[in-house]
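A.B. asks: Only the shape, not the letters, is given here:
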């Protein structure tokens, strides 16, 4: 049983998956920083500094608070702001990943487009092949005893 587990754990696919998860986690941190530190400030400038996370619609006349947390304590609210923020984050992350994959595909196509280098047969081997072919033709013509 230990041997089976060892074979399973050390399979190429399993190791590749583990490496992919680790790199994905690191990449996730990078993309999250890119979104929150670079793009969201631009979105804030474009929208006039509107903080979507605190946006809500009161579903009861009892709710009079201006902050989402206080409004939730007073009664039911339709809190759409966090959804809007996460949707914007998703679209930005999806676009960045699209650009990354597009760049990787372009590099891969360039690599595939390179002509395959044909290895030249050394002169000595070419001559030996010609001699072999001539001998084969000569033995086919020779009368058989």
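C.D. replies: Thanks, I have the structure now. Everything numeric here is computed off the predicted structure, so don't read it as measured data.

A.B. asks: what helix or strand is the residue sitting nearest the centre point of the chain on?
C.D. replies: Geometric centre of the chain, nearest residue: residue 101, 5.8 Å, by CA atoms, centre = their mean. Using DSSP states H and E, residue 101 sits in helix 81-113.

A.B. asks: Show me what that helix is packed against.
C.D. replies: helix 12-33, helix 40-46 (3 or more CB pairs under 8 Å, 6 or more residues apart in numbering; DSSP states H and E). Any C-beta I mention is one placed from the backbone N, CA and C, and that applies to glycine too.

A.B. asks: right, so of those helices, which gets closest to residue 5?
C.D. replies: Smallest distance to residue 5 across the helices and strands packed on helix 81-113 (CB to CB): 10.9 Å, for helix 12-33.

A.B. asks: circling back: what about the helix holding residue 101, average pLDDT?
C.D. replies: Computed over helix 81-113, the mean pLDDT rounds to 84.

A.B. asks: same check, this time on stretch 53-60
C.D. replies: 87.

A.B. asks: quick one: contacts of it?
C.D. replies: 64, 67-68, 71, 74-82, 84-85 (CB atoms under 8 Å, 6 or more residues apart in numbering).

A.B. asks: now those: which count as buried?
C.D. replies: The neighbour count (16 or more other CB atoms under 10 Å) marks 68, 71, 77, 79, 81, 85 as buried among the contacts of stretch 53-60.

A.B. asks: Report the two of those separated the most.
C.D. replies: Among those, 71 and 85 lie farthest apart (CB to CB), at 16.9 Å.
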